[in-house]
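**Q** Next come a sequence and a model predicted from it.
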Amino acid sequence: MAQDFASSKSVLSSLDRQPPYSEEAERGVLGAVMLDSSKVMDLCLTSQLSTESFYVPAHKTLYDAMQKMHATGKVIDVLTVTDFLNDEGSLKKVGGSVSLDRLIDSTPTVAHAEYYIQIVYDKHVLRCIIDCARDAEQSCYDSEDDAGTILDKTEQSFMDITERQHGDLVLWSDAVKTTMENVEAIFDGDNKYAGGMPTGLLNLDKVIIGLRKGEMIVLAARPSMGKTSLAMNITENVALGNNSAHESRPVGVFSLEMSQEALIMRMLCSHAEVRSDQLMGGYASNAMHKRLANAASALSKAAIYVDDTGGLDVMELRARARRMKKKYDIGLIMIDYLQLLHYSGYAKQGRQLEIAAISGHIKAMAKELDVPVLVLSQLSRAPDQRSGGDVGKPRLSDLRDSGAIEQDADVVWMLRRPCIYASSDEDADRTLAIVDVAKQRNGRVGEVELNFEESFTRFRDRARGVDDHNGEMAHEIPENPPI
């Protein structure tokens, strides 16, 4: 009984505790601003000090007025601030002009302004952490969501605090300087600044200039066209460094359709050029075994991290991707495929709105983690219903369930194989696969021709590769065009 009473008393005392703040540091910051606004106000903005960073209500009102004056280019000192607050009818809220004079008197120098600013900022972060923890506790008691959803939302709220903490504003002049240094590096022959991460397929890279950080790349196709095979080929090339950059990067794979074992079996057979149907049927030979053993040896060195959890909620996927990025520093994320994801927050509002929300979260994830995200997507049946020369040719409007996918994506690839359609002009070519780069924010669009070896689920470059709507082919475009 005594133990229960002590425990309840501890809980009550924790609720009664005052949130962390430093009135002296807040006064120091405000006094320093009025003594040297041109210097200290810039320090405040650079350190992301906001009105909410101040805990004392009078200090909130005063800093808000200073922000408004700074934004309009007004001089900030004790007299101008007094007049500004008086005009707004807020002078009494800060204690009158006497309180402003006291702030000046209690701040003899601005030399310690950065120190005061850091204290105010740190106390604000602590209060944010406390608020997130209390919200999480309340959700555990009151929310109808399941435990996994509450955990994902809690993790996201804490990650938002971290993002704000590290999201310092970069001066425009510094950003221009950095970008120009990268341009100079390209002129000096340093190709690592010339584009994004190579896919290992030269014909495709000539159009897309690699996979760029922070971009959402959608690979869309009808079923059985080979979109998973193409995505896994690119994953393998990036993880093993089988590309023009000869640089390997860890890759995170979220496979909502296939198990990890099935993916590995497909990659082994593809890498070893062994037909999986023969292997599964028991038609094995010593030569096949040797090739598979060599493939296993090579692939075991690849930094590929597979999460094959089915029916993931997009918030949970983001949380897992964050942990994967932090632990393994992944350079590429592949998701197979978008329509198998869910979003509990929109589940009752219709599939179209749910897919739109999922697409928005994937795009936000690409920017947050600063990596390219290659997400596979299904197409509607519209390509199958076209006739003549357009049979099987997909369009952006064919993206299934929501037009938001087209809007959110930075790059959209449409994969098709003409041999699937008997009425196609190129149905006799069993190896031809066409990747139509239908959308690209930072580059040109056009069709890329690849070879697809269906027996080994392997995509390779094709001698006749790129059609950029002007009749130019890949062999006419030099690999390293003169500058």
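**A** Structure received.
**Q** Where is the longest helix in this structure?
**A** Determined from DSSP state H, the single longest helix within the chain is helix 113-142.
**Q** Now it: buried residues?
**A** By 16 or more other CB atoms under 10 Å, the buried positions in helix 113-142 come out as 113-114, 116-117, 119-121, 123-124, 127-128, 132, 136, 139. Backbone N, C-alpha and C define where each C-beta goes, glycine included.
**Q** just these now: which is nearest Leu292?
**A** The closest of the buried residues of helix 113-142 to Leu292 turns out to be Ala136 (CB to CB; 48.4 Å).
**Q** which residue sits closest to that closest one, ignoring its sequence neighbours?
**A** In space, and not counting its chain neighbours, Ala136 is closest to Thr154: 4.3 Å by CB to CB, 6 or more residues apart in numbering.
**Q** Please tell me how far that neighbour sits from Leu369.
**A** Counting by CB to CB, to the nearest Å, the gap from Thr154 to Leu369 is 19 Å.
**Q** the more surrounded of those two?
**A** Comparing Thr154 with Leu369 by other CB atoms under 10 Å, the one with more neighbours is Leu369, at 21 against 18.
**Q** List the contacts of the spatially most central residue of the chain.
**A** Residue closest to the mean C-alpha point of the chain, counted by CA atoms, centre = their mean, is Ala366 at 1.6 Å. The neighbours of Ala366, taking CB atoms under 8 Å, 6 or more residues apart in numbering as the test, are 214-216, 333, 372-373.
**Q** same thing but at 6 Å, please
**A** Counting by CB atoms under 6 Å, 6 or more residues apart in numbering, Ala366 makes contact with 214, 216, 373.
**Q** beta partners of the second one?
**A** Beta bridges link Met216 to Val373 when assigned by DSSP bridges.
**Q** Pretty sure it sits against Gln407.
**A** No: counting by CB atoms under 6 Å, Met216 stays clear of Gln407, with 10.5 Å between them.
**Q** returning to what we had before: can you name the element that comes right after the longest helix of the chain?
**A** Next in sequence after helix 113-142, counting helices and strands by DSSP states H and E, comes helix 147-166.
**Q** Give me the angle between the longest helix of the chain and helix 147-166.
**A** For helix 113-142 against helix 147-166, the angle by axes from the mean of the first three to the mean of the last three CA atoms, to 10 degrees is 170 degrees.
**Q** Tell me the gap between helix 113-142 and the middle of its chain.
**A** 25 Å (CA atoms, centre = their mean, to the nearest Å).
**Q** ditto for stretch 51-58
**A** On CA atoms, centre = their mean, the centre of stretch 51-58 falls 33 Å from that of its chain.
**Q** What residues sit buried inside it?
**A** Buried, per 16+ other CB under 10 Å, within stretch 51-58: 53-56, 58.
**Q** export the residues you listed to TSV and tack on secondary structure and distance to Val94?
**A** Formatted as TSV, those follow (DSSP: H, G, I helix; E, B strand; the rest coil; distance: CB to CB, whole Å):
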residue	secondary structure	distance to Val94
Ser53	helix	16
Phe54	coil	11
Tyr55	coil	14
Val56	coil	10
Ala58	helix	5
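**Q** Return the member of those residues nearest to Ser248.
**A** Once CB to CB is applied, the member of these that ends up nearest Ser248 is Ser53, at 43.1 Å.
**Q** So that closest one sits against Asp122, correct?
**A** No: counting by CB under 6 Å, Asp122 is not a contact partner of Ser53; they are 9.8 Å apart.
**Q** re earlier: make sure the residue nearest to Ala136 is actually in contact with Arg134.
**A** No: using CB under 6 Å, Thr154 is not in contact with Arg134; the gap is 11.1 Å.
**Q** burial of Ala284, as a residue count?
**A** 13.
**Q** For the nearest residue to it once chain neighbours are set aside, what are phi and psi?
**A** Nearest residue to Ala284 in three dimensions, chain neighbours excluded: Gln278, at 7.4 Å (CB to CB, 6+ apart). Dihedral pair for Gln278: phi -70, psi -40, per degrees, to the nearest 10.
**Q** and if you look at the one 3 residues further on?
**A** Gly281 adopts backbone torsions of phi -80, psi 0, taken as degrees, to the nearest 10.
**Q** Now do it against Cys132, distance only.
**A** For Gly281 relative to Cys132 (CB to CB), the value is 56 Å.
**Q** Likewise for Ser377?
**A** For Ser377, the distance to Cys132 (CB to CB) stands at 34 Å.
**Q** quick one: low-confidence ranges for the stretch 351-483 of the chain?
**A** Low-confidence segments of the stretch 351-483 of the chain (pLDDT under 70): 400-402, 422-427, 464-483.
**Q** ok, Arg17 - how many residues close by?
**A** By the measure other CB under 10 Å, the count of residues near Arg17 is 9.
**Q** In contact with it, which residues?
**A** For Arg17, no contacting residues are found, by CB under 6 Å, 6+ apart.
**Q** Quick check: end-to-end length of stretch 305-325?
**A** Start and end residues of stretch 305-325 are separated by 10 Å (CA to CA, to the nearest Å).
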